[in-house]
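>>> Provided below are the primary sequence and the corresponding predicted coordinates.
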Amino acid sequence: MRPGPGGRVLNLDTLARLRRGLRTPGPALRLPVPEGMTAPLGCDAVAVPARFGPLVMPRLPRVGCVYADGTTWWWLVPSDSDHALEWPAPVHYATGAVVPDAPEIPDLIHRPDGTLPYTPPIPLYLALCRVTGTSPAWSRSVSA
């Protein structure tokens, strides 16, 4: 590896970090945990086109905090709820509950009773698979 301009060595990690920096247009907005609630497991969010929101809500045994604007609904889930799950298209999993490309934080449209803001991720995943017509990853056939 040769030093770059100014004598610094540029490696793949440096180049990837520089590329990510180019894509960041401004400060990222994060969905807040409402006052009086705690998020001991951290927070991520699952974003769904607004047309699916009303179809998903009645399919869930417990609904946590849900935020919405005119195009998207976001459900707060515990951090790392994407581990070993392939969320169906057109769902977007937002690590850290960051709302990309939003001019402002969406409105809180549902707040659960109690102090935990989470929607359980497995029932949410199954409901989203159902409304999008996608088979859950673990029920698909495996080829050798």
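Arrived safely. The structure presented is a predicted model; accordingly, all values stated were derived computationally and were not measured.
>>> Low-confidence ranges, this protein, go.
Within the chain, the stretches with pLDDT under 70 are 1-26, 140-144.
>>> For it, just list every one of the strands.
Secondary structure of the chain, counting by DSSP state E: strands at 29-30, 44-49, 66-68, 72-77, 92-94, 98-99, 107-110.
>>> how about the ones you listed in CSV, adding mean neighbour count and distance to Ala84?
In short, each C-beta sits where N, CA and C put it, glycine included. Converted to CSV, these look like this (neighbours: other C-beta atoms under 10 Å; distance: least, C-beta to C-beta, whole Å):
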stretch, mean neighbour count, distance to Ala84
strand 29-30, 15, 24
strand 44-49, 22, 14
strand 66-68, 21, 24
strand 72-77, 26, 14
strand 92-94, 16, 12
strand 98-99, 18, 21
strand 107-110, 14, 27
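>>> can you list those strands in a markdown table and add distance to Arg59?
Compiled in a markdown table, the strands of the chain are given as follows (distance: least, C-beta to C-beta, whole Å):
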| stretch | distance to Arg59 |
| --- | --- |
| strand 29-30 | 27 |
| strand 44-49 | 12 |
| strand 66-68 | 13 |
| strand 72-77 | 12 |
| strand 92-94 | 19 |
| strand 98-99 | 23 |
| strand 107-110 | 14 |
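>>> Which one of the ones you listed lies nearest to Ala137?
Closest of those to Ala137 is strand 92-94, at 13.4 Å (criterion: C-beta to C-beta).
>>> gap between the two ends of stretch 85-92?
End-to-end distance of stretch 85-92 (C-alpha to C-alpha, to the nearest Å): 12 Å.
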